[in-house]
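Novice: Structure for the following, please:
(chains A and B)
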Amino acid sequence: GAVVSQHPSWVICKSGTSVKIECRSLDFQATTMFWYRQFPKQSLMLMATSNEGSKATYEQGVEKDKFLINHASLTLSTLTVTSAHPEDSSFYICSAIDSGQPDNEQFFGPGTRLTVL
Amino acid sequence: GNSVTQMEGPVTLSEEAFLTINCTYTATGYPSLFWYVQYPGEGLQLLLKATKADDKGSNKGFEATYRKETTSFHLEKGSVQVSDSAVYFCALNAGGGNKLTFGTGTQLKVEL
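Specialist: Residues are numbered from 1 along each chain as shown, chains lettered A, B, ... in the order given. Okay, here's the model as predicted:
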């Protein structure tokens, strides 16, 4: 149980285009999901907290108009990188908290590798 | 602010060797501490956790003790296996909101 998937697992796009990444909780409901970004040999950096049915909460320094987050259902959150540029190339990881469990453990997806040419 | 410092890798060990991966932290208040493991091609998985000083988290032969006096949460295993090869992340949660602060991760390679 407690499986989180991400799609796609990797994507290559041209500079200036937008890319959407999906994060799904497969066997539980998640009112709260998180989006992280990871650079090579660096830690995961929290970008934003995604709340079902409401606006996402962004961390300081993260452009909310560039990284659009939508959490329209209890099992799906999407991250759209708008007008992507090479500096947006990174590994994006999501996590989800099972709403039905009391301990607030985060379950992580396998990540999405984005390369912007 | 909150931060986590881990020893750099990769760490290469022979099977059945003793493992220690150091982790120290800086945080306001009394954080909860975690170790996550990431196997190749998979997402991070919670390995163990401790929520207060002197607590010991343990799982799959791994242990870590929450040491408030040294602000440390070192990961140990008495006898590693090839299947333990993975990247290990130390993390903390302080101040509520379920936000995690991660270390940079330490890659472990176990050879026969």
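Novice: Counting neighbours, show which residues of stretch B:67-74 come out buried.
Specialist: Judged by neighbour count (16 or more other C-beta atoms under 10 Å in any protein chain shown), stretch B:67-74 contains these buried residues: B:67, B:71-74. The C-beta positions use only the backbone N, C-alpha and C, and glycine is treated the same way.
Novice: try stretch A:6-24
Specialist: So for stretch A:6-24, counting by 16+ other C-beta under 10 Å, buried means A:6, A:11, A:13, A:19, A:21, A:23-24.
Novice: and what of stretch A:100-114?
Specialist: Of the residues in stretch A:100-114, those buried (16+ other C-beta under 10 Å) are A:106-112, A:114.
Novice: Any figure for the gap between A:Tyr92 and B:Val4?
Specialist: Between A:Tyr92 and B:Val4 the distance is 20 Å, computed by C-beta to C-beta, to the nearest Å.
Novice: hang on, I meant A:Ala56
Specialist: In this structure, A:Ala56 lies at 24 Å from B:Val4, with C-beta to C-beta as the measure.
Novice: Show me the strands in chain A, by range?
Specialist: Under the criterion DSSP state E, chain A contains strands at A:4-7, A:10-13, A:19-25, A:32-38, A:44-51, A:57-58, A:67-73, A:76-81, A:90-97, A:106-108, A:112-116.
Novice: Nearest to B:Gly61, out of those?
Specialist: For those, the distance to B:Gly61 is smallest for strand A:106-108, at 21.8 Å, taking C-beta to C-beta.
Novice: who does the closest one pair up with?
Specialist: Applying DSSP bridges, strand A:106-108 is found paired with strand A:90-97 (antiparallel).
Novice: quick one: the partner strand to chain centroid distance?
Specialist: Here strand A:90-97 shows a centroid-to-chain-centroid distance of 5 Å under the convention C-alpha atoms, centre = their mean, to the nearest Å.
Novice: what does it contact?
Specialist: Defining contact as C-beta atoms under 8 Å, 6 or more residues apart in numbering or on different chains, one finds that strand A:90-97 is touched by A:4, A:6, A:21, A:23, A:25, A:28, A:30-39, A:44, A:77, A:79, A:104-114, B:43-44, B:98.
Novice: The residue positioned nearest the centre of chain A bridge partners, please.
Specialist: In chain A, the residue lying closest to the centroid (C-alpha atoms, centre = their mean) is A:Trp35, at 3.6 Å. With beta bridges defined as DSSP bridges, A:Trp35 has these partners: A:Ala48, A:Cys94.
Novice: So what's the residue count around B:Ser85?
Specialist: Counted with other C-beta atoms under 10 Å in any protein chain shown, the burial measure for B:Ser85 works out to 17 neighbours.
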